[in-house]
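Novice: Have a look at this prediction, sequence included:
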Amino acid sequence: MNVFFDNCTSPVLATTLDGFIRAFGHRAYHIKDLPGLRNGRHATDLEWISHLQADNVSWIFVSGDGRILKNRAERAALRSAGLHGFVLAPAYQRSPLNQVAATLVWKWPEIDAVIKLVAAPSMHEIPIGKTSKLRTLPL
C-alpha cells in the first residue's frame, strides 16, 4: 500500500511516515515526489485522484484541507476512485511540524486497522490528540 500526501501537507510528513512504514512494505509520497503524476506539485485534486485510481497499487491519501469534501466534483471523484482518505484535524495547522509528524507515526496502527476493517471509499479525520480516535467523515 502507498500513502499519498497532497499539497496541503508538508513534504516532511511524507518523508517521516515513509521512513517508518517502509519496514512494513509500504511507501509514502508527497505530491511533489509522486512518480508519473502529470503537472507534479501543480496537479489539481481531480488529477491526483485520477492518477491514484489508475495505478495498480493500493493507495490511501492524507490531506491537510477538509474542504476537499465540500467540492461536489472532488467528492464524486473520491467516491468513484475507491480511496481511503484521511484529513488532518484543523488543530494541526497550529502545531509544530515535529509534533504533527510524531502524531502520524503514533496513529499509523489505527489508520492501518481502519483500512483493513472499512471498505473503500471512506474518509476519516485524524485528531491531534494521541488518545483521541479517528473520526469517520461523510463522503
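Specialist: Sure thing, it's come through.
Novice: Name the residues linked to the most centrally placed residue in the chain by a beta bridge.
Specialist: With distances taken as Cα atoms, centre = their mean, residue 62 lies nearest the centre of the chain, 1.5 Å away. Note on residue 62: beta-bridge partners residue 5, residue 86, judged by DSSP bridges.
Novice: for stretch 93-102, which positions count as buried?
Specialist: If you call a residue buried by 16 or more other Cβ atoms under 10 Å, then stretch 93-102 has these buried ones: 100, 101. For the C-beta atoms, the positions are set from N, CA and C on the backbone; glycine is no exception.
Novice: ok, and what's touching the worst-scoring helix or strand of the chain on mean pLDDT?
Specialist: Lowest on mean pLDDT, DSSP states H and E among the helices and strands of the chain sits helix 72-81, with a mean of 91. Residues outside helix 72-81 that contact it (Cβ atoms under 8 Å, 6 or more residues apart in numbering) are 45, 46, 49, 50, 52, 53, 68, 69, 85, 121, 123, 139.
Novice: Over to stretch 42-52?
Specialist: Residues outside stretch 42-52 that contact it (Cβ under 8 Å, 6+ apart): 4, 6, 31, 34, 36-39, 59, 61, 68, 71, 73-74, 77-78, 81, 83.
Novice: Select only the buried ones of these in ChimeraX?
Specialist: Per 16+ other Cβ under 10 Å, the buried members of the contacts of stretch 42-52 correspond to this ChimeraX selection:
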select :4,6,31,34,37,59,61,68,74,77,78,81,83
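Novice: can you list the weak-confidence ranges in this protein?
Specialist: Scanning the chain for pLDDT under 70 picks out nothing.
Novice: what about the helices in it?
Specialist: For the chain, the helices defined by DSSP state H cover 11-21, 45-54, 72-81, 97-117.
Novice: now these as TSV including distance to residue 91?
Specialist: As requested, these are exported to TSV (distance: least, Cβ to Cβ, whole Å):
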stretch	distance to residue 91
helix 11-21	15
helix 45-54	23
helix 72-81	23
helix 97-117	10
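Novice: Minimum distance to residue 127: which of the ones you listed has it?
Specialist: For residue 127, the closest of the helices of the chain is helix 97-117, at 8.4 Å, according to Cβ to Cβ.
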